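Q: predicted structure and sequence below. I'll ask about it afterward.
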Amino acid sequence: MIKFAIVGIGTMGSTHALHLNEGKINDGKLVAICDINPARLQWAEENLSSDIKKYIDYDEMLAAGGFDAVMIATPHYLHPPMAIKALNKGYHTLIEKPAGVYTKQVREMNEVALKHPELKFGIMFNQRTNEIYKKTKELIESGELGEIKRTNWIITNWYRPQAYYNQGGWRATWQGEGGGVLLNQSPHQLDLWQWICGMPKTIRAFCYFGRNRKINVENDVTAFCEYENGGTGVFVTSTHDYPGSNRFEISGDNGQIVIEDNKLIFRKANINEKVFNETNTEPWSTPGFEVYEFANGNVWGNQHIEIFNNFIKAIEEDIPLIAPGIEGIKSLTISNAMLLSTWLNETIDVHNLDEELFYQELQKRINEEKSQKGE
Ligand SMILES: NC(=O)c1ccc[n+]([C@@H]2O[C@H](COP(=O)([O-])OP(=O)(O)OC[C@H]3O[C@@H](n4cnc5c(N)ncnc54)[C@H](O)[C@@H]3O)[C@@H](O)[C@H]2O)c1
């Protein structure tokens, strides 16, 4: 039995706490929780087993121990410093997405994790358990789709009204959250985009800040990327389109994958398009295609449970993690590149992202926000 402590008993942390407390996670037990908000400890008192230890101070919880692993479900800026502390104290560590706010901070966390190969370090990229994305990855890795020519992801159904932003707190501010839709709502798709199609080589992005909403951070993004092989991609996300879409298309030499409405459609060309083009002599001929469909059977809540189950099995049986923590830097590099491209009005070389410059530009926005508030 793997004993867990959770820090941050808010929206997501309380869901994880209930899953553990209700025995929904195989071989996992919740023994301690921590939150700086006394109201959340009160919630825990009323909703979780009475023998679960409650702490208001994270360092105190880590020092007290009595558990094997820590789940970190606090706001994003805190993921790296809290993970570093947990790993250095010898705890297996599972962090919420995104890995952090800026890659410089996340790189430090990864260095600590790499110094502790005896500890498992995971990240809650729960959508990696979705059968249709797993199938897509398989179709690409097996070579069935062929070389990627084009990727397009429109993920604009993360609708958030002004009332969501008016809740205040850490959300949708440079100081508290460090970004908007790229850091809060879309990290899952940014991770899947790179997990399935690979890291882009360059990014040119156009982020709009506070579009149709009174917020300082980005809530409307259109980004163009180029891959090493010359293929291109477009990623579009927002929180103010309604009803919005979630449509992911990947075009390869052997056809096209379209994922929409929890369904994957693979239009498999009868012959590799490049081969067809080289040999065909008919002006209006096409390669032709067959249609294959796959549906997804994995619902949202179960995805988080699956990541926990995998994390526990990785500790107990040393199986591979579905989402290793050190991979969190990849999607964060993409989102940092999208913001930096907008701020500098230029194309960003993703493999050589200037982490220090990103950090400085972020600090500028934080300072502007502070002076707006008269801080
Ligand atoms: N994987 C997913 O599907 C998913 C879904 C929602 C949120 N998240 C992630 O989970 C994290 C938390 O999001 P949320 O929506 O639950 O936020 P939230 O504001 O509801 O909860 C955060 C909690 O952390 C506590 N906290 C803040 N600072 C703390 C500290 N120093 N020590 C202890 N506790 C502290 C707060 O009091 C709060 O209760 C975010 O990084 C978010 O991106 C992931």
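A: Yep, that arrived.

Q: from residue 170, how far off is the residue of the chain at minimum distance from the ligand?
A: Per CB to the nearest ligand atom, residue 10 is where the chain lies closest to the ligand, at 1.7 Å. Every C-beta, even on glycine, is put in place using the N, C-alpha and C of the backbone. Residue 10 sits 10 Å away from residue 170, going by CB to CB, to the nearest Å.

Q: any idea how far stretch 110-118 is from the chain center?
A: Taking CA atoms, centre = their mean, to the nearest Å, one finds stretch 110-118 lying 21 Å from the centre of the chain it belongs to.

Q: can you offset everything so residue one is 47?
A: Will do, 47 is the new start, and the previous item becomes stretch 156-164.

Q: how about it: buried residues?
A: 156, 158-159 (16 or more other CB atoms under 10 Å).

Q: residue 76 belongs to a strand, doesn't it?
A: Yes - counting by DSSP: H, G, I helix; E, B strand; the rest coil, residue 76 is located in a strand.

Q: quick one, phi/psi of the nearest residue to it once chain neighbours are set aside?
A: In space, and not counting its chain neighbours, residue 76 is closest to residue 66: 3.8 Å by CB to CB, 6 or more residues apart in numbering. Note on residue 66: its backbone torsions stand at phi -70, psi -50 [degrees, to the nearest 10].

Q: could you do residue 293 as well?
A: phi -130, psi 120.

Q: related to what we said a few turns ago, what's the pLDDT at the residue of the chain closest to the ligand?
A: Note on residue 56: pLDDT of 97.

Q: neighbours around it, how many?
A: When neighbours are counted by other CB atoms under 10 Å, residue 56 registers 16.

Q: which ones are touching it?
A: By CB atoms under 8 Å, 6 or more residues apart in numbering, the contact list for residue 56 reads 81, 86, 119-120.

Q: and the ligand, which of these reach it?
A: 81, 86, 119-120 (CB under 6 Å from any ligand atom).

Q: how far does stretch 296-316 stretch from start to finish?
A: Using CA to CA, to the nearest Å, the end-to-end distance of stretch 296-316 comes to 17 Å.

Q: and stretch 66-79, by the same measure?
A: 12 Å.

Q: in it, what counts as buried?
A: If you call a residue buried by 16+ other CB under 10 Å, then stretch 66-79 has these buried ones: 66-67, 71, 74-79.

Q: pull the residues that contact the helix or strand hosting residue 65.
A: Assigned by DSSP states H and E, residue 65 belongs to helix 57-67. If you take CB under 8 Å, 6+ apart as the criterion, helix 57-67 is touched by 50, 52-53, 55, 71, 74-76, 79, 81, 86, 89-90, 93-95, 98, 117, 119-120, 142, 170, 347, 350-351, 354.

Q: now with 7 Å, please.
A: The contact list for helix 57-67 (CB atoms under 7 Å, 6 or more residues apart in numbering) reads 50, 52, 55, 71, 74-76, 79, 89-90, 94-95, 117, 119, 142, 350-351, 354.

Q: and the helices in this protein, which stretches?
A: Applying DSSP state H to the chain gives helices spanning 57-67, 84-93, 104-110, 125-134, 149-160, 177-187, 208-211, 233-243, 319-325, 346-363, 374-390, 401-418.

Q: compare those helices and give me the one nearest residue 222.
A: Closest to residue 222 of the helices of the chain is helix 401-418 (CB to CB; 9.2 Å).

Q: I'd like to know which elements the closest one is packed against.
A: When contacts are defined as 3 or more CB pairs under 7 Å, 6 or more residues apart in numbering; DSSP states H and E, helix 401-418 packs onto helix 149-160, helix 374-390.

Q: residues of that helix that come out buried?
A: 401, 404, 407-408, 411-412, 415.

Q: least confident of the residues you listed?
A: pLDDT across the buried residues of helix 401-418 is at its lowest for residue 415, which sits at 94.

Q: so that one makes contact with residue 221?
A: Yes - using CB atoms under 7 Å, residue 415 is in contact with residue 221, at 5.5 Å.

Q: that older thread, show the buried residues in the contacts of helix 57-67.
A: For the contacts of helix 57-67, a burial check counting by 16+ other CB under 10 Å picks out 50, 52, 55, 71, 74-76, 79, 89-90, 94, 117, 119, 142, 350-351, 354.

Q: what residues does residue 73 make contact with?
A: Contact partners of residue 73, counting by CB under 7 Å, 6+ apart, are 47-48, 358, 362.

Q: again, only this time at 10 Å
A: Shown in contact with residue 73 (CB atoms under 10 Å, 6 or more residues apart in numbering): 47-48, 354-355, 358-359, 361-362.

Q: go on, residue 135?
A: Residues in contact with residue 135 (CB under 10 Å, 6+ apart) are 105, 108-109, 111, 116, 165.

Q: now swap in residue 219 and tell me
A: When the contact criterion is CB under 10 Å, 6+ apart, the partners of residue 219 are 211, 225-226, 261-263, 411-412, 415-416, 419.

Q: near the ligand, which residues of the stretch 197-346 of the chain?
A: Within the stretch 197-346 of the chain, the residues that sit near the ligand (CB under 6 Å from any ligand atom) are residue 230.

Q: pLDDT weak spots in the stretch 197-346 of the chain?
A: Along the stretch 197-346 of the chain, segments meeting pLDDT under 70 span 343-346.

Q: and among the helices of the chain, the most buried is which?
A: Ranked by mean neighbour count, the helices of the chain are led by helix 374-390 with a mean of 24 (mean count of other CB atoms under 10 Å).

Q: residue contacts, residue 132?
A: Each residue near residue 132 by CB under 10 Å, 6+ apart is listed here: 51, 53, 104, 107-108, 115-118, 138-141, 158, 165, 167.

Q: do that again at 6 Å, thanks
A: Listed by CB atoms under 6 Å, 6 or more residues apart in numbering, the contact set of residue 132 reads 116, 139.
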